[in-house]
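S.K.: What follows is a predicted protein model with its sequence.
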Amino acid sequence: MKHQRKMWFYLFAAPVVIALILVVVVPFLYGIYYSFTDWDAVARGNFVGIENYQKLIHDEGFRNAIWFTVKFAVVSIVLINIIGLGLALLVTSKFKGANLLRTIFFMPNLIGGLILGFIWQFIFINAFSAMGDFFGNPGLKTWLSTTQTGFWAMVIVMCWQMSGYIMVIYISYLQGVDESLLEAADLDGATPWQKFWNVRFPLIMPGFTVSLFMTLSNCFKLYDQNLSLTNGGPYNSTQMVAMNIYNTAFVENKMGYAQSKAVVFFLFVAIISLTQVYVTKRKEVEA
């Protein structure tokens, strides 16, 4: 019987494992190989060693894209988690209409990133322009035309889309908090903030780990909203790493060089993500 269960396990797991190898592992290994070539998507490409990686050191555009992406990720991660946790606390409090609010807050996550970006592009260009005319503020008419306002436009859209998704994660952990602990804190005279920080937050720390990882990975790999909102402009000042890699590969036809950028970016994000998970997991154990 045990042998039969193992056979069924391998039978059902095989398609997923095969698909993962073909779709993820094999392309990833090919990408590493091509990062050491001068492949241009037409010719096979000659092996050039670490020449592509040496060029990265002097690639100012790539460095600027990484710096812009890091700034965007830090601001977005903080705001999304604060807003998501706040919304979760709001809808888990007992009042009429809480379930309706859950649906409303989660709905932006159902809209595709590219479509969402074009919707907000219309808002930033047309609605903000109309507001600029009404209030006599010309700065509102060029919201996507400057580096600073373009940065905040992308942050606004990212927070608007992901906060509802992160809210759902926090809700699942908040609902698992033992009410008797909160009642005991009430008897001890704890304030609402003390109950949250000393009772609830340590218990939802696993949810914080998951939420931080999800927001971190999504912010770093963002491309579609960057394309639809600013397209990297003005003068590539709002270009994120994913767009920089895409343009190197499919606009400049430097596939090998783009692969080297992708490998470096993968290692960069992997190190940050693993460090984040390690640090927050330690907090869970302490809690």
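M.R.: Good, I have the coordinates. Every value quoted in this text rests on a predicted model; they were computed, and no experiment measured them.

S.K.: chain center to stretch 73-86: distance?
M.R.: Remark: stretch 73-86 is offset 11 Å from the chain centroid, using Cα atoms, centre = their mean, to the nearest Å.

S.K.: buried sites along that stretch?
M.R.: 73, 75-77, 79-81, 83-85 (16 or more other Cβ atoms under 10 Å). Where C-beta positions appear, they are placed from N, C-alpha and C, glycine not excepted.

S.K.: most centrally placed residue in the chain?
M.R.: residue 218 (1.7 Å; Cα atoms, centre = their mean).

S.K.: returning to that earlier point: state the pair within the buried residues of stretch 73-86 that is farthest apart.
M.R.: 73 and 85 (18.1 Å; Cβ to Cβ).

S.K.: coming back round to it: state the helix or strand in which the residue nearest to the centre of the chain lies.
M.R.: helix 205-220 (DSSP states H and E).

S.K.: Give me the average confidence score over whichever helix or strand comes after that helix.
M.R.: Heading C-terminal from helix 205-220, the first helix or strand you meet, by DSSP H and E, is helix 224-229. What helix 224-229 shows for mean pLDDT is 90.

S.K.: Put the alpha carbons of helix 224-229 into PDB.
M.R.: Presented in PDB, the C-alpha positions along helix 224-229 are these (Å, rounded to 0.1, in the frame of the first residue of the first chain):
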ATOM      1  CA  ASP A 224       4.400  46.600 -17.300                       C
ATOM      2  CA  GLN A 225       3.500  49.600 -15.300                       C
ATOM      3  CA  ASN A 226       6.900  51.200 -16.000                       C
ATOM      4  CA  LEU A 227       6.200  50.800 -19.700                       C
ATOM      5  CA  SER A 228       2.600  52.100 -19.700                       C
ATOM      6  CA  LEU A 229       3.100  55.000 -17.300                       C
END
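
S.K.: helices or strands next to that helix in the packing?
M.R.: On a contact count with 3 or more Cβ pairs under 8 Å, 6 or more residues apart in numbering; DSSP states H and E, helix 224-229 meets helix 113-122, helix 147-174, helix 241-250.

S.K.: Make TSV out of the ones you listed and add mean pLDDT.
M.R.: Shown next, in TSV, are these (pLDDT from 0 to 100):
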stretch	mean pLDDT
helix 113-122	86
helix 147-174	93
helix 241-250	94
